[in-house]
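Undergrad: I'll drop the sequence and a predicted model, then ask my questions.
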Amino acid sequence: MKDMLLREYRPKSEAVTSAHHYDKPRFEVIDIHTHMGKLLLGPDYDVQYGTSQFIERLKSVGVTRLCNMDGFWGDEFDRMLRKTAGYEDRIFNFIWIDCSCIDEPDFSSSVRRHIEESVRKGARGIKMWKDISLETKDKSGRYLRTDDERFNTVYDTAAELGIPILIHIADPVAFFRPVDKYNERYEQLIAHPEWSFCQPYRYSFNELMEMQDNMIERHPHTTFIVAHFGSYSENLAHVGQRLDRYQNMYVDIAARIDELGRVPYSARDFFIRYKDRILFGSDCTPLSYGEHQTAYRFLESRDEYFPYWPEDEEPDGGRWRIYGLGLPDDVLEYVYNKNAKRLLRIE
């Protein structure tokens, strides 16, 4: 017997449990959270895949429609419209806001014009990413805040036009903790040191949650889909309190079944109680598959202690396995498509 590095340790469970494979879900799925553009695929995304092939691949796993988060703005949005042309009834593009112009005196009028023109071209929502509060600074040198009054025009215009804002504010809590022996995502952060936000010059996780509360509370007529289970999938009581408090808040499950699946009792109760506030999302790209079937197994089965990552890959998250929720049909239908149809005004 010899010593080994932690990253080399890949134990195989000897627990014998039932295992179900889900090629398709029980009901049609609207994937509220996908990426078809440069955010994850780089600037040459449009030559890396065929749109029709992507649509057919998702159709084969039960996804009938999807929201693409990578519309961006200006010429980039026009480029995405060309990439998705002919699939307007299947692909709903979300635009971004150019925050680099926030100090300009005409920011409010220009951003309103951008949103209105984009909606006329077919945009179905707005995506706001974590770069706003964790990377982008204004001219004063301060990191931007999602509750900055200069963003009021964004929130108010979305409310007036009846389009949702899907916003990604924070990452897993462990990304804001010291990268030490107590961090449950130590291996992940060692592999991706740029994902650690535990620096004194950045906003803390609690500060980000306070901004999120302020943003939602001050704009009660704006529909906010807070990505990754309300930014705090590790604390379902916190998310539930916000859903009770803010009727304009929704959450998606994108990239968080790893967190939810390790607390199956409280997660199942949560899904049943808030079935009309939770949306299905995968965070997938045209070059990454496998998340959907695992998510279906998590939502539909009562399987125990199974990996949340594709079987042929290594885990890129915490060192644990998950449990299925075995949700009732009425809950599944809301999560899979009914809530998305309501927010996106799909007949």
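TA: Now that the structure is in, tell me what you want to look at.

Undergrad: the helices in the stretch 101-250 of the chain, which residues?
TA: Along the stretch 101-250 of the chain, the stretches classed as helices by DSSP state H, counting those that start in this stretch are 107-121, 131-134, 152-161, 186-191, 205-218, 227-230, 236-245.

Undergrad: right, and those helices - which one's nearest residue 35?
TA: Using C-beta to C-beta as the criterion, the shortest distance between residue 35 and those is 11.6 Å, found for helix 227-230. From N, CA and C alone the C-beta is placed, and that goes for glycine too.

Undergrad: and that closest one, what other elements does it pack with?
TA: Where contact means 3 or more C-beta pairs under 8 Å, 6 or more residues apart in numbering; DSSP states H and E, helix 227-230 is packed against helix 236-245, strand 249-252.

Undergrad: Kindly compare burial across the ones you listed and name the winner.
TA: strand 249-252 (a mean of 25; mean count of other C-beta atoms under 10 Å).

Undergrad: what residues does the helix or strand that that one is followed by touch?
TA: Helices and strands here follow DSSP states H and E; after strand 249-252, the next one along the chain is helix 257-260. Counting by C-beta atoms under 8 Å, 6 or more residues apart in numbering, the neighbours of helix 257-260 from elsewhere in the structure are 172, 229, 233-234, 253, 267, 294-295, 298, 308, 317-318, 320, 322, 325.

Undergrad: Strands of the protein, residue ranges please.
TA: Counting by DSSP state E, one finds strands in the chain at the ranges 29-34, 63-68, 91-95, 125-128, 165-167, 224-226, 249-252, 278-279.

Undergrad: Select, out of those, the one closest to residue 102.
TA: Checking those against residue 102 by C-beta to C-beta gives strand 125-128 as the closest, at 12.4 Å.

Undergrad: Now find how far off-centre stretch 286-301 is within its chain.
TA: 14 Å (C-alpha atoms, centre = their mean, to the nearest Å).

Undergrad: Sorry, slip of the keys, the one I care about is stretch 178-190.
TA: Between the centre of stretch 178-190 and the centre of its chain there are 22 Å (C-alpha atoms, centre = their mean).

Undergrad: quick one: average pLDDT of it?
TA: Averaging the model's pLDDT scores along stretch 178-190 yields 95.

Undergrad: give the contact list for residue 306.
TA: Residue 306 makes contact with 17, 19, 297, 321, 322, 323, 324 under the criterion C-beta under 8 Å, 6+ apart.

Undergrad: Verify the stated contact: the second one with residue 303.
TA: Yes. Proximity of residue 19 to residue 303 meets the contact threshold set by C-beta atoms under 8 Å, at 5.9 Å.

Undergrad: Look at these two and report which has more neighbours.
TA: Taking residue 19 and residue 303 together and counting by other C-beta atoms under 10 Å, residue 303 has the greater number of neighbours (19 against 10).

Undergrad: tally of neighbours for the residue nearest to that one when sequence neighbours are not counted?
TA: Distance criterion C-beta to C-beta, 6 or more residues apart in numbering; nearest residue to residue 303, sequence neighbours excluded, is residue 324 at 4.4 Å. By the other C-beta under 10 Å criterion, the neighbourhood of residue 324 contains 22 residues.

Undergrad: Could you shift the numbering so residue one becomes 15, and keep it that way?
TA: I'll keep to 15 as the first residue from here, and by that count the last item is residue 338.

Undergrad: measure residue 338 to residue 285 for me?
TA: The span separating residue 338 from residue 285 equals 12 Å under the rule C-beta to C-beta, to the nearest Å.

Undergrad: remind me which residues of the protein are low pLDDT?
TA: Within the chain, the set of residues satisfying pLDDT under 70 comprises 325-326.

Undergrad: okay, the helices of the stretch 115-264 of the chain in a markdown table with distance to residue 272 next?
TA: As requested, the helices of the stretch 115-264 of the chain are exported to a markdown table (distance: least, C-beta to C-beta, whole Å):
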| stretch | distance to residue 272 |
| --- | --- |
| helix 121-135 | 33 |
| helix 145-148 | 21 |
| helix 166-175 | 30 |
| helix 200-205 | 11 |
| helix 219-232 | 18 |
| helix 241-244 | 11 |
| helix 250-259 | 14 |
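
Undergrad: Can you say which of those is packed in most?
TA: Between the helices of the stretch 115-264 of the chain, helix 241-244 has the highest mean count of neighbours, a mean of 26, where neighbours are mean count of other C-beta under 10 Å.

Undergrad: Just to check, residue 338 is in contact with residue 308?
TA: No. No contact is recorded between residue 338 and residue 308 when judged using C-beta under 8 Å, the distance being 10.3 Å.

Undergrad: Residue 345 and residue 284 touch, don't they?
TA: No. Using C-beta under 8 Å, residue 345 is not in contact with residue 284, being 10.4 Å away.
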